[in-house]
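Here you go, sequence then predicted model.
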Amino acid sequence: MDSVLHLIGIARKAGRLEIGEEPVGAAARARQARLILVAADAAENSARRAAHFAEAGKTCVLRLPYPKSVLGGMVGRASCAMLALTDVGLASALAGKLAGADPEQYGAAAAELAVRAEKTLQCQKEQRRHEKNLQTGKKKPWAAPPKEAPHPPGRAEEHRRRAGAQAARPGTPPSKAEAPAPKPKRSLPRGVVTVKKKTP
């Protein structure tokens with residue numbers, strides 16, 4: 001069996017293949033389609049709609065060298081004009097197989113999908129590493145906090161210095177800080193009312 005058709009069969013078994021125009025369009029609008037495939041003998045309207053789906057989903061569209069009957073046989077149908085792969089790894093592998101047979105037609109799409117697959121793989125590795133760290137409780141090693149530098153004298157201390165210097169001078173009035181504190185009001189027991197008598 002052809003390696004390209006074999007990859008299409010693997011994608012179908014893995015649930016990473018959308019079959020038909022409506023499922024392919026829905027996957028492209030949801031930004032889940034990684035590669036749209038069109039049969040060699042598909043109608044021009046189907047090819048135009050596939051290109052529109054690829055533009056909406058920001059993905060690639062390739063015309064396969066297989067007729068609709070061969071693609072339909074791989075996916076369990078009488079005929080199939082349009083497919084979409086939703087896994088970037090499978091899409092990159094399939095485009096690479098096509099580019100090996102015809103580099104001029106499929107080489108650019110294969111290179112673009114290879115870059116996307118590499119980025120996706122790196123993101124998946126980082127996500128797995130993060131989840132593993134959360135499960136094992138791995139954290140950064142403890143480090144002593146840095147020593148704080150002595151703070152410069154604040155405003156209160158500066159005010160006290162100036163007040164002391166001013167008090168040392170003869171004939172200077174006492175500052176607010178040195179003024180005698182007011183006498184506290186006499187507290188009366190609760191419930192007692194005092195009445196002041198008016199003098200004639």
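Thanks, I have it. Numbering: from 1, shown residues only.

what about Cys80, which helix or strand?
Cys80 is part of no helix or strand, with elements assigned from DSSP states H and E.

does it really touch Ala39, like I thought?
Yes. With contact taken as CB atoms under 8 Å, Cys80 and Ala39 are classed as touching, separated by 6.8 Å. (Each C-beta comes from the backbone N, C-alpha and C, glycine too.)

Centre of the chain to the one helix or strand Ala95 maps to, how far?
In the assignment (DSSP H and E), Ala95 maps to helix 88-101. With CA atoms, centre = their mean, to the nearest Å as the basis, helix 88-101 stands 28 Å off its chain's centre.

Point to the helix or strand of this structure where mean pLDDT is at its lowest.
The helix or strand of the chain with the poorest confidence is helix 155-168; it has a mean of 66 (mean pLDDT, DSSP states H and E).

quick one: the longest helix seen in the chain to helix 88-101, angle?
In the chain, assigned by DSSP state H, the helix with the most residues is helix 103-136. Helix 103-136 and helix 88-101 meet at an angle of 160 degrees, taking axes from the mean of the first three to the mean of the last three CA atoms, to 10 degrees as the criterion.

Please identify the buried residues of helix 103-136?
Tyr106, Ala109, Ala110, Leu113, Ala114, Arg116, Ala117 (16 or more other CB atoms under 10 Å).

which non-adjacent residue is nearest the fifth one?
Right, the one you point to is Ala114. Nearest in space to Ala114, with sequence neighbours left out and distances taken as CB to CB, 6 or more residues apart in numbering, is Ser92 at 5.2 Å.

I'd like the distance between the one you found and Ala11.
For Ser92, the distance to Ala11 under the criterion CB to CB, to the nearest Å works out to 12 Å.

number of nearby residues for the residue nearest to Ala117 when sequence neighbours are not counted?
Nearest non-adjacent residue to Ala117, counting by CB to CB, 6+ apart: Ser92, 3.9 Å away. The number of residues packed around Ser92, counting by other CB atoms under 10 Å, is 25.

what does the model give Ser92 for pLDDT?
In the predicted model, Ser92 carries a pLDDT score of 91.

isn't it right up against Ala109?
No. Under the criterion of CB under 8 Å, Ser92 is not in contact with Ala109, lying 9.7 Å apart.

Distance from the helix or strand encompassing Ala51 to the middle of the chain?
Assigned by DSSP H and E, Ala51 falls within helix 44-57. Distance, stretch centre to chain centre, for helix 44-57: 29 Å (CA atoms, centre = their mean).

re earlier: list the residues that contact both of Cys80 and Ala39?
Listed contacts common to Cys80 and Ala39 are Lys68, Leu71; contacts here mean CB atoms under 8 Å, 6 or more residues apart in numbering.
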